[in-house]
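*Asks:* Mind folding the following:
(chains A and B)
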Number of protein chains: 2
Amino acid sequence: MDGNLFADLPASPEATERMETLLTHPGLRIERIVSTGQASPPGFWYEQADAEWVLLASGEALLRFEDESEARRLRAGDWLHIAPRRRHRVEWTAENAPTVWLAVHWTPGTKD
Amino acid sequence: MDGNLFADLPASPEATERMETLLTHPGLRIERIVSTGQASPPGFWYEQADAEWVLLASGEALLRFEDESEARRLRAGDWLHIAPRRRHRVEWTAENAPTVWLAVHWTPGTKD
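*Replies:* Got it, this is the predicted structure:
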(Lines give C-alpha, C1' and ligand atoms only; values in the text may rest on other atoms or scores of the structure.)
Protein backbone atom coordinates (compact mmCIF):
# COMPACT_ATOMS: atom_id res chain seq x y z
CA MET A 1 0.00 0.00 0.00
CA ASP A 2 1.31 3.39 -0.93
CA GLY A 3 0.16 6.78 -2.17
CA ASN A 4 0.71 10.49 -1.96
CA LEU A 5 -0.90 12.66 0.68
CA PHE A 6 -1.37 15.49 -1.80
CA ALA A 7 -2.77 13.45 -4.70
CA ASP A 8 -6.24 14.06 -6.10
CA LEU A 9 -6.99 17.18 -4.12
CA PRO A 10 -10.21 19.02 -4.96
CA ALA A 11 -9.71 21.99 -7.28
CA SER A 12 -12.47 23.97 -5.60
CA PRO A 13 -14.38 23.90 -2.29
CA GLU A 14 -16.65 20.90 -1.79
CA ALA A 15 -19.81 20.38 0.25
CA THR A 16 -18.19 18.10 2.82
CA GLU A 17 -14.78 17.03 4.01
CA ARG A 18 -13.16 14.09 2.29
CA MET A 19 -12.07 11.26 4.55
CA GLU A 20 -9.99 8.37 3.26
CA THR A 21 -8.50 5.49 5.20
CA LEU A 22 -4.86 4.97 4.25
CA LEU A 23 -4.18 2.06 6.56
CA THR A 24 -6.20 0.04 9.01
CA HIS A 25 -5.13 -2.63 11.48
CA PRO A 26 -6.88 -3.78 14.66
CA GLY A 27 -6.62 -0.86 17.07
CA LEU A 28 -4.97 1.47 14.55
CA ARG A 29 -6.29 3.60 11.69
CA ILE A 30 -4.43 6.16 9.60
CA GLU A 31 -6.55 8.49 7.51
CA ARG A 32 -6.32 11.51 5.28
CA ILE A 33 -8.88 14.26 5.72
CA VAL A 34 -9.19 17.03 3.16
CA SER A 35 -11.03 20.17 4.25
CA THR A 36 -12.02 22.94 1.89
CA GLY A 37 -13.52 25.53 4.20
CA GLN A 38 -15.62 23.21 6.38
CA ALA A 39 -15.87 23.67 10.13
CA SER A 40 -17.61 21.69 12.87
CA PRO A 41 -21.28 22.65 13.23
CA PRO A 42 -21.95 25.38 15.82
CA GLY A 43 -21.97 23.87 19.30
CA PHE A 44 -20.67 20.50 18.12
CA TRP A 45 -17.70 18.92 19.93
CA TYR A 46 -15.80 15.80 18.95
CA GLU A 47 -15.44 13.47 21.91
CA GLN A 48 -13.69 10.35 20.72
CA ALA A 49 -13.08 7.10 22.57
CA ASP A 50 -9.91 6.65 20.53
CA ALA A 51 -6.71 8.61 20.97
CA GLU A 52 -5.60 10.66 17.98
CA TRP A 53 -2.37 12.12 16.70
CA VAL A 54 -2.97 14.63 13.96
CA LEU A 55 -0.69 16.47 11.54
CA LEU A 56 -1.79 19.41 9.46
CA ALA A 57 0.15 18.63 6.29
CA SER A 58 -0.97 21.60 4.21
CA GLY A 59 -3.42 24.48 4.42
CA GLU A 60 -4.50 26.17 7.63
CA ALA A 61 -7.07 25.59 10.38
CA LEU A 62 -8.31 26.75 13.75
CA LEU A 63 -8.67 23.90 16.23
CA ARG A 64 -10.38 24.56 19.54
CA PHE A 65 -10.18 22.47 22.69
CA GLU A 66 -13.06 22.99 25.09
CA ASP A 67 -10.59 23.21 27.98
CA GLU A 68 -8.64 26.03 26.33
CA SER A 69 -9.83 29.60 26.04
CA GLU A 70 -8.64 30.18 22.50
CA ALA A 71 -8.49 28.18 19.31
CA ARG A 72 -5.06 27.07 18.10
CA ARG A 73 -4.00 28.20 14.66
CA LEU A 74 -2.48 25.24 12.81
CA ARG A 75 -0.20 25.64 9.83
CA ALA A 76 1.67 23.18 7.63
CA GLY A 77 3.74 20.81 9.74
CA ASP A 78 1.90 21.43 13.02
CA TRP A 79 1.01 18.25 14.90
CA LEU A 80 -0.68 17.47 18.18
CA HIS A 81 -1.91 14.65 20.33
CA ILE A 82 -5.60 14.56 21.22
CA ALA A 83 -6.25 12.42 24.29
CA PRO A 84 -9.35 10.19 24.33
CA ARG A 85 -12.51 12.09 25.27
CA ARG A 86 -10.82 15.49 25.13
CA ARG A 87 -13.50 17.64 23.57
CA HIS A 88 -12.45 19.60 20.52
CA ARG A 89 -13.83 21.12 17.36
CA VAL A 90 -12.62 22.59 14.10
CA GLU A 91 -13.53 26.28 14.14
CA TRP A 92 -12.32 27.10 10.66
CA THR A 93 -10.36 25.75 7.70
CA ALA A 94 -8.85 27.70 4.82
CA GLU A 95 -11.10 28.33 1.86
CA ASN A 96 -8.50 29.30 -0.72
CA ALA A 97 -6.62 25.98 -0.74
CA PRO A 98 -7.23 22.44 0.53
CA THR A 99 -6.26 21.70 4.11
CA VAL A 100 -4.81 18.19 4.31
CA TRP A 101 -4.81 16.42 7.68
CA LEU A 102 -3.09 13.18 8.52
CA ALA A 103 -4.79 11.51 11.48
CA VAL A 104 -3.52 8.47 13.37
CA HIS A 105 -6.23 6.96 15.58
CA TRP A 106 -5.59 4.18 18.05
CA THR A 107 -7.64 2.35 20.61
CA PRO A 108 -6.47 3.23 24.11
CA GLY A 109 -7.32 -0.20 25.47
CA THR A 110 -4.55 -1.77 23.41
CA LYS A 111 -1.98 0.95 23.87
CA ASP A 112 -2.51 3.48 26.63
CA MET B 1 2.13 17.36 23.31
CA ASP B 2 2.45 19.29 20.13
CA GLY B 3 5.06 20.61 17.73
CA ASN B 4 5.90 21.30 14.13
CA LEU B 5 7.37 18.70 11.83
CA PHE B 6 9.53 21.29 10.11
CA ALA B 7 10.84 23.05 13.23
CA ASP B 8 14.55 23.18 14.06
CA LEU B 9 15.78 21.65 10.84
CA PRO B 10 19.55 21.57 10.32
CA ALA B 11 20.86 24.41 8.16
CA SER B 12 23.56 22.21 6.64
CA PRO B 13 24.28 18.48 6.28
CA GLU B 14 25.06 16.65 9.51
CA ALA B 15 27.08 13.54 10.27
CA THR B 16 24.09 11.38 11.13
CA GLU B 17 20.33 11.34 10.80
CA ARG B 18 18.30 12.97 13.54
CA MET B 19 15.65 10.79 15.13
CA GLU B 20 13.11 12.22 17.56
CA THR B 21 10.18 10.47 19.19
CA LEU B 22 7.04 12.59 18.91
CA LEU B 23 4.71 10.20 20.70
CA THR B 24 5.05 6.87 22.38
CA HIS B 25 2.43 4.53 23.80
CA PRO B 26 2.66 0.78 24.40
CA GLY B 27 2.83 -0.81 20.96
CA LEU B 28 2.94 2.52 19.10
CA ARG B 29 5.70 5.01 18.36
CA ILE B 30 5.59 8.08 16.13
CA GLU B 31 8.89 9.63 15.21
CA ARG B 32 10.43 12.29 13.06
CA ILE B 33 13.59 11.45 11.14
CA VAL B 34 15.61 14.17 9.45
CA SER B 35 18.09 13.07 6.80
CA THR B 36 20.66 15.36 5.24
CA GLY B 37 22.29 13.18 2.62
CA GLN B 38 22.66 9.99 4.70
CA ALA B 39 22.00 6.57 3.24
CA SER B 40 22.01 3.07 4.72
CA PRO B 41 25.53 1.57 4.78
CA PRO B 42 26.40 -0.55 1.71
CA GLY B 43 24.90 -4.01 2.06
CA PHE B 44 22.81 -3.06 5.11
CA TRP B 45 19.09 -3.91 5.19
CA TYR B 46 16.55 -2.88 7.79
CA GLU B 47 14.53 -5.88 8.94
CA GLN B 48 12.15 -4.71 11.65
CA ALA B 49 9.89 -6.76 13.89
CA ASP B 50 7.50 -3.80 14.00
CA ALA B 51 5.26 -2.66 11.18
CA GLU B 52 5.89 0.82 9.86
CA TRP B 53 3.92 3.45 8.00
CA VAL B 54 6.16 6.16 6.67
CA LEU B 55 5.51 9.54 5.08
CA LEU B 56 8.15 11.59 3.33
CA ALA B 57 7.04 15.06 4.42
CA SER B 58 9.72 17.07 2.64
CA GLY B 59 12.89 16.49 0.63
CA GLU B 60 13.56 13.48 -1.53
CA ALA B 61 14.83 9.92 -1.09
CA LEU B 62 15.40 6.60 -2.78
CA LEU B 63 13.98 3.68 -0.81
CA ARG B 64 14.79 0.16 -1.92
CA PHE B 65 12.95 -3.02 -0.99
CA GLU B 66 15.02 -6.18 -1.35
CA ASP B 67 12.09 -7.88 -3.11
CA GLU B 68 11.87 -5.14 -5.77
CA SER B 69 14.33 -4.68 -8.59
CA GLU B 70 14.50 -0.91 -8.41
CA ALA B 71 14.51 1.71 -5.69
CA ARG B 72 11.42 3.87 -5.29
CA ARG B 73 11.87 7.60 -5.60
CA LEU B 74 9.94 9.33 -2.80
CA ARG B 75 8.92 12.97 -2.92
CA ALA B 76 6.98 15.21 -0.55
CA GLY B 77 3.68 13.59 0.41
CA ASP B 78 4.61 10.05 -0.63
CA TRP B 79 3.71 7.44 1.97
CA LEU B 80 3.98 3.68 2.17
CA HIS B 81 3.42 0.77 4.49
CA ILE B 82 6.41 -1.42 5.35
CA ALA B 83 5.32 -4.84 6.59
CA PRO B 84 7.24 -6.42 9.49
CA ARG B 85 10.48 -8.09 8.35
CA ARG B 86 10.26 -6.74 4.82
CA ARG B 87 13.87 -5.93 4.08
CA HIS B 88 14.52 -2.40 2.89
CA ARG B 89 17.22 0.26 2.82
CA VAL B 90 17.59 3.93 2.11
CA GLU B 91 19.73 4.23 -1.00
CA TRP B 92 19.97 8.00 -1.05
CA THR B 93 18.56 11.18 0.47
CA ALA B 94 18.77 14.72 -0.87
CA GLU B 95 21.83 16.70 0.08
CA ASN B 96 20.61 20.20 -0.79
CA ALA B 97 17.74 20.30 1.72
CA PRO B 98 16.61 18.27 4.75
CA THR B 99 14.47 15.23 4.10
CA VAL B 100 11.83 14.95 6.82
CA TRP B 101 10.23 11.55 7.45
CA LEU B 102 7.28 10.84 9.66
CA ALA B 103 7.33 7.22 10.80
CA VAL B 104 4.54 5.40 12.64
CA HIS B 105 5.75 2.11 14.14
CA TRP B 106 3.49 -0.40 15.77
CA THR B 107 3.92 -3.82 17.27
CA PRO B 108 2.20 -6.44 15.11
CA GLY B 109 1.29 -8.58 18.11
CA THR B 110 -1.12 -5.93 19.32
CA LYS B 111 -2.51 -4.90 15.97
CA ASP B 112 -1.91 -7.20 13.01
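
*Asks:* Pull up the residues of chain A that are close to chain B.
*Replies:* Residues of chain A lying close to chain B (C-beta under 8 Å from any C-beta of the partner chain) are A:1-7, A:22-23, A:25-28, A:30, A:51, A:53, A:55, A:57, A:72, A:75-81, A:102, A:104, A:106, A:110-112. For glycine as for every other residue, the C-beta is placed from the backbone atoms N, C-alpha and C.

*Asks:* same thing but 6 Å
*Replies:* A:1-6, A:23, A:25-28, A:30, A:53, A:77-81, A:104, A:106, A:110-112 (C-beta under 6 Å from any C-beta of the partner chain).

*Asks:* Among those residues, which are located in strands?
*Replies:* In strands, defined here by DSSP state E, the members of those are A:2-4, A:23, A:25, A:28, A:30, A:53, A:78-81, A:104, A:106.

*Asks:* Point out where chain A drops to low pLDDT.
*Replies:* Applying pLDDT under 70 to chain A flags the ranges A:109-112.

*Asks:* Can you add distance to residue B:91 and give the ones in strands among the residues of chain A next to chain B back as JSON lines?
*Replies:* Putting these into JSON lines (distance: C-beta to C-beta, whole Å) gives the following:
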{"residue": "A:2", "distance to residue B:91": "17"}
{"residue": "A:3", "distance to residue B:91": "21"}
{"residue": "A:4", "distance to residue B:91": "20"}
{"residue": "A:23", "distance to residue B:91": "24"}
{"residue": "A:25", "distance to residue B:91": "28"}
{"residue": "A:28", "distance to residue B:91": "28"}
{"residue": "A:30", "distance to residue B:91": "25"}
{"residue": "A:53", "distance to residue B:91": "29"}
{"residue": "A:78", "distance to residue B:91": "31"}
{"residue": "A:79", "distance to residue B:91": "28"}
{"residue": "A:80", "distance to residue B:91": "33"}
{"residue": "A:81", "distance to residue B:91": "33"}
{"residue": "A:104", "distance to residue B:91": "27"}
{"residue": "A:106", "distance to residue B:91": "31"}
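
*Asks:* Looking at those, spot the one nearest residue B:89.
*Replies:* Nearest to residue B:89 among these, counting by C-beta to C-beta, is residue A:2 at 16.8 Å.

*Asks:* So in terms of bridging, what pairs with that closest one?
*Replies:* Taking DSSP bridges as the rule, residue A:2 bridges to residue B:80.

*Asks:* Restrict the ones in strands among the residues of chain A next to chain B to the buried ones and give me that as a ChimeraX selection.
*Replies:* Filtering those down to the buried ones (16 or more other C-beta atoms under 10 Å in any protein chain shown) takes a single ChimeraX command:
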select /A:3,4,23,25,28,30,53,78,79,80,81,104,106
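
*Asks:* Identify the residues contacting the residue nearest in space to the middle of chain A.
*Replies:* Centroid-nearest residue in chain A, with C-alpha atoms, centre = their mean: residue A:101, separated by 4.9 Å. Contacts of residue A:101 were listed using C-beta atoms under 6 Å, 6 or more residues apart in numbering or on different chains, and they are A:33, A:54, A:56.
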